[in-house]
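Participant: Any chance you can model this:
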Amino acid sequence: MNTTRLHDWHIAAGAKMAPFAGYDMPITYPLGAVEEHLVCRRSVGLFDIDHMGQLEIKGPGADEFVSKMVTMKVLDMADNDARYSLLLNERGTVIDDLFIYRLPGSWWIVVNASNRAEDVAWFNKHKPAGVELIDHSEGTYMIAVQGPRAIELLDKVSASPISAFPRFTSGRTKVLGVDCLVGRTGYTGEDGVELFFPADEAEALWTGLLAAGEKHGIETHAIGLAARDSLRFEAGMPLHGHEISQDIYPLESNFKWACDFEKDFIGKSALEQLQADGIKRKLVTLDVTGGIPREGFEVQSADGQTIGTVVAGMFCPTVKKMAANVLIDPAFAKVGTALKVVIRGTGKDAVVVKRPLYIPAYRR
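Facilitator: I've put the predicted structure just below:
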């Protein structure tokens, strides 16, 4: 089991730990998952996300190589721009979802921990001569600072104002004296950043940010993976292995917008064929009454016909709903359609609702 540099801090803080993507990670702290969720919605949450991987791609032909490998248009990105994209196999299903940063002279790509080895192998399999791929994951640490007061806090402790970085861009500055690549990105639906910096500085920066929040009267707490999951779920963001995977096409999970069909990319022809044939299932969100929907639970039509499966479900603290993301027959995907989720052998009432449940800050 891998551990992050903050593992001992999490234990000392009373975190409940559990395996995630090969790492022993904090799931909740004594504050509790619901309150941690709400802290991030109202102020500032800190997330230890060093299980994520960081790759750099550079060299002659790197631009065209990255463009061919990922689904989104990237050749129009200016230096320091950041963009979400997908990495597909030839079948058109999702190996991973990525955040791509165009840095001066190279590409910085953030990958999911559980997919890192496969991502690296996939890039290397297709990499042309002259293009260099460097895996910086071991020496680079990653902390997310998220919430409506995150930028306010960071501006107080940074050498230059992070508020000057537009959303979905990046830049470099010192945060509490630590050299950081700052991505104005996140996975919560709130404003904030993801910080990349030398791993040896992890505890100093983490504890320094908590102390700065206390000093400046800005509520700041460590947030575990349980709240990270409910935050992303409400905001309509996918988790690989649930809403997207190598068994799910991006067109089924509403990610056509992340696929630029005006350029070439691996998996494009499979998606074009799927568009021509029509999808057989579609991702929708259900408001569920009478129980907690869990992954793998059966979804039924109002008359008891099996029409799909839950891929993720939970209590959503901001909207105060039990909700499920489900892959179902598209004929039942219209908002307002009454359905059922089978919980402990009983069909519980559910209704298709508009996605996302919580409008991300960058869309307001």
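
Participant: Please count neighbours and contacts with C-alpha atoms only from this point.
Facilitator: Will do.

Participant: Look through this protein and report the residue furthest from the middle.
Facilitator: Asp303 (35.6 Å; Cα atoms, centre = their mean).

Participant: confidence score at that residue?
Facilitator: Here, the pLDDT recorded for Asp303 equals 96.

Participant: Can you tell me how far the spatially most central residue of the chain is from Val145?
Facilitator: Nearest to the geometric centre of the chain sits Tyr187, at 4.6 Å (Cα atoms, centre = their mean). Tyr187 is 10 Å from Val145, where distance means Cα to Cα, to the nearest Å.

Participant: now swap in Cys316 and tell me
Facilitator: Where Val145 is concerned, Cys316 sits at a distance of 21 Å (Cα to Cα).

Participant: Tell me which residues of the one helix or strand Glu203 maps to come out buried.
Facilitator: Using DSSP states H and E, the element containing Glu203 is helix 202-215. Within helix 202-215, the residues scored as buried using 16 or more other Cα atoms under 10 Å are Ala202, Leu205, Trp206, Leu209, Leu210, Ala212, Gly213.

Participant: show me the contacts for the second one.
Facilitator: Spelled out, it's Leu205. Val175, Leu176, Val178 (Cα atoms under 8 Å, 6 or more residues apart in numbering).

Participant: Tell me which entries of those lie within strands.
Facilitator: Judged by DSSP state E, those include Val175, Val178 as members of strands.

Participant: Need the pLDDT of the residue nearest to the centre of the chain.
Facilitator: So Tyr187 comes in at 97 (pLDDT).

Participant: helix, strand or coil for it?
Facilitator: coil (DSSP: H, G, I helix; E, B strand; the rest coil).

Participant: What sits closest to it if chain neighbours are left out?
Facilitator: Spatial nearest neighbour of Tyr187, excluding adjacent residues (Cα to Cα, 6 or more residues apart in numbering): Arg232 at 5.7 Å.

Participant: To what extent is that neighbour buried, counted in neighbours?
Facilitator: By the measure other Cα atoms under 10 Å, the count of residues near Arg232 is 20.

Participant: can you tell me the helix or strand for it?
Facilitator: Using DSSP H and E, Arg232 falls within helix 225-234.

Participant: so how far is that helix off the chain centroid?
Facilitator: Distance of helix 225-234 from its chain centroid, counting by Cα atoms, centre = their mean, to the nearest Å, is 9 Å.

Participant: So in terms of bridging, what pairs with the closest residue to Gly290 other than its chain neighbours?
Facilitator: Nearest residue to Gly290 in three dimensions, chain neighbours excluded: Lys348, at 5.9 Å (Cα to Cα, 6+ apart). The partner list for Lys348 in beta bridges (DSSP bridges) reads Val341.

Participant: And Cys316 and Val145? Which one has more around it.
Facilitator: Val145 (32 against 21).

Participant: how much space between the more buried one and Arg41?
Facilitator: According to Cα to Cα, Val145 and Arg41 sit 12 Å apart.

Participant: got it, and Leu327?
Facilitator: 28 Å.

Participant: who's more crowded, the two?
Facilitator: Comparing Leu327 with Arg41 by neighbour count (other Cα under 10 Å), the higher total belongs to Leu327, at 25 against 21.

Participant: Who's the closest spatial neighbour of that one, skipping the chain neighbours?
Facilitator: Nearest residue to Leu327, sequence neighbours excluded (Cα to Cα, 6+ apart): Leu283, at 4.5 Å.

Participant: Wait, that neighbour touches Ser253, no?
Facilitator: Yes - here Leu283 reaches Ser253: they are 4.8 Å apart, a contact under Cα atoms under 8 Å.

Participant: Could you tell me which residues touch both of those two?
Facilitator: What both Leu283 and Ser253 touch, as defined by Cα under 8 Å, 6+ apart, is the set Glu243, Leu327.

Participant: if you count what's nearby, which of the two comes out ahead?
Facilitator: The residue with more neighbours, out of Leu283 and Ser253, is Leu283; 26 against 20, by other Cα under 10 Å.

Participant: Pull up the gap between Leu339 and Lys320, please.
Facilitator: From Leu339 to Lys320 the distance is 20 Å (Cα to Cα).

Participant: And Val310, by the same measure?
Facilitator: As judged by Cα to Cα, Val310 and Lys320 stand 19 Å apart.
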